[in-house]
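A.B. asks: quick one: sequence and predicted model below, then my questions.
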Amino acid sequence: MDQKTEIPGIYKAGDGILINKDNTALEKYRLRRAKETRINLYEERLDNMESSINEIKELLRGLVK
């Protein structure tokens, strides 16, 4: 049987094992991680686009010369 602790959502199972049963906090964590992953993906795509634009600029400069 899990014992409650003084921390909300945290329970103690035998042998000092702590279990987090706070599903709301878990869902918030998952949403935050998903958002961070999307932001990282967008940053990577933006970096790639900047690189491509710089490459196009260099090609255009070469054509003008």
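C.D. replies: Perfect, I can see it now.

A.B. asks: residues in contact with the helix or strand hosting Leu18?
C.D. replies: Element membership for Leu18 (DSSP states H and E) is strand 17-20. The contact list for strand 17-20 (Cβ atoms under 8 Å, 6 or more residues apart in numbering) reads Asp2, Thr5, Gly9, Ile10, Tyr11, Lys12, Ala13, Leu26. Heads up, the C-betas are built off the backbone N, CA and C, glycines and all.

A.B. asks: dump these into CSV; add distance to Lys35 and neighbour count as well.
C.D. replies: Output for those, formatted as CSV (distance: Cβ to Cβ, whole Å; neighbours: other Cβ atoms under 10 Å):
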residue, distance to Lys35, neighbour count
Asp2, 31, 13
Thr5, 29, 12
Gly9, 22, 14
Ile10, 25, 14
Tyr11, 28, 16
Lys12, 32, 14
Ala13, 31, 11
Leu26, 15, 12
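
A.B. asks: farthest-separated two in these?
C.D. replies: Lys12 and Leu26 (18.0 Å; Cβ to Cβ).

A.B. asks: before we move on, back to that, inside helices: which ones of the contacts of strand 17-20?
C.D. replies: In helices, defined here by DSSP state H, the members of the contacts of strand 17-20 are Leu26.

A.B. asks: can you list the contacts of strand 17-20 in a markdown table and add pLDDT and distance to Lys57?
C.D. replies: Shown next, in a markdown table, are these (pLDDT from 0 to 100; distance: Cβ to Cβ, whole Å):
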| residue | pLDDT | distance to Lys57 |
| --- | --- | --- |
| Asp2 | 81 | 62 |
| Thr5 | 86 | 60 |
| Gly9 | 88 | 54 |
| Ile10 | 89 | 56 |
| Tyr11 | 90 | 59 |
| Lys12 | 90 | 62 |
| Ala13 | 88 | 61 |
| Leu26 | 90 | 47 |
